[in-house]
Structures are given as C-alpha cells and as structure tokens.
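Enquirer: based on what follows, work out the 3D shape:
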Amino acid sequence: MIIEIYKNAGNNPVIQLVIIAVVLDTFFGCIRAVKDKEFNSCFGINGAIRKIGMVVSIMALILVDRIVGFNMIGFLPEVVRGYLGESIGLTEFFGLLYIAYETVSILKNMALCGLPVKALWKTVKTFLGRYTDELPDDDELVEESEDK
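Expert: Just a heads-up that it's a prediction; the model follows:
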C-alpha cells in the first residue's frame, strides 16, 4: 500500500519540482565549489543535511496527507491560490516553500558562478521577501557587489 502511495505521489507536479530544484541547487553548488575551490552551503554537509531533510519531510508528509487530509490553501497568498485550485495538502504546502527557498539558492549560485542572473535573483528575492523572512543567506553576493 505504501509503495502505491509513493508511486502516485511521483505524479504530483509539486513533488517533481522539489526534486528538480534540489538537483539544480546541488548542481550549481558543485560548480560554484569548483570555481571557488572550497565547499559551500549547497555542496557541503549543511547543504546535504538541508536537502535530505526536504526530501525526507516530503516523503513523510505524503503519508500524513493520505491519513489526515489537511487543506492548507488558506495559508497561501491570494495570488498563489489562483494557480493551485481549492485545496492543497501539507505535502504541496511545504513543497511550495521548499521550491521558493531552493529557487533563491539556485539563482544565488548561478550569480556566484558568473552567470548573468543577478537582476532575476534580486526580483525573486524581493517578491518572496514579502511573504517570508526565511530566505537563504545572501552574504556572499553582497560581499561580491561591494568588492566591485
């Protein structure tokens, strides 16, 4: 039964996006680590713990949603609700938070790798900053801007 639950959950676009975001953040974190010749928050023990925590919590929340069936749509801003429909479970709710967090981290890593995405990163960070203060640290980007 649990295997069937996870097979069905694999078709959930939010879960798929979380996995893609984790992989992309790890990829760009690795590129940044090679460029800087040092481990960083995406390609080190802290990053690994955070990413494993996201995946394990998503797996646990799939089971919780199956058992309890929470509807978390009321906790999301009106703008987001229009895209998601009338109901989302804990899995999708936390999945959206993980995707937002990882998106900022991916863009930060891309900028630190030298890709021209700093303006996009600032736009996304500003948008998400309206709804949360739990965003990844951006000290490295601020330091890099001050150096120039």
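
Enquirer: for Lys37, grab phi and psi.
Expert: Phi and psi for Lys37, reported as degrees, to the nearest 10, are phi 60, psi 40.

Enquirer: how close does it sit to Glu102?
Expert: Distance of Lys37 to Glu102, computed by CB to CB, to the nearest Å: 24 Å. Backbone N, C-alpha and C define where each C-beta goes, glycine included.

Enquirer: more neighbours, these two?
Expert: Neighbours per residue (other CB atoms under 10 Å) separate Lys37 from Glu102, with Glu102 holding more: 24 against 6.

Enquirer: tell me what the helix or strand harbouring the more buried one is packed against?
Expert: Following DSSP states H and E, the helix or strand that holds Glu102 is helix 90-112. Counting contacts by 3 or more CB pairs under 8 Å, 6 or more residues apart in numbering; DSSP states H and E, helix 90-112 packs against helix 13-36, helix 45-67, helix 118-129, helix 139-147.

Enquirer: now render the ones you listed as JSON lines, adding distance to Lys7.
Expert: Converted to JSON lines, the helices and strands packed on helix 90-112 look like this (distance: least, CB to CB, whole Å):
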{"stretch": "helix 13-36", "distance to Lys7": "12"}
{"stretch": "helix 45-67", "distance to Lys7": "11"}
{"stretch": "helix 118-129", "distance to Lys7": "32"}
{"stretch": "helix 139-147", "distance to Lys7": "40"}
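
Enquirer: okay, those, which one's buried deepest?
Expert: Stretch with highest mean neighbour count among the helices and strands packed on helix 90-112: helix 13-36 (a mean of 18; mean count of other CB atoms under 10 Å).

Enquirer: could you give the angle of that one to helix 90-112?
Expert: In terms of direction (axes from the mean of the first three to the mean of the last three CA atoms, to 10 degrees), helix 13-36 departs from helix 90-112 by 20 degrees.

Enquirer: report the mean confidence score over helix 13-36.
Expert: Mean per-residue pLDDT for helix 13-36: 89.

Enquirer: Asp65 versus the nearest residue to Val14 once chain neighbours are set aside, what's the distance?
Expert: Leaving aside its sequence neighbours, Val14 sits nearest to Gly95 (CB to CB, 6 or more residues apart in numbering; 4.0 Å). Distance of Gly95 to Asp65, given as CB to CB: 11 Å.
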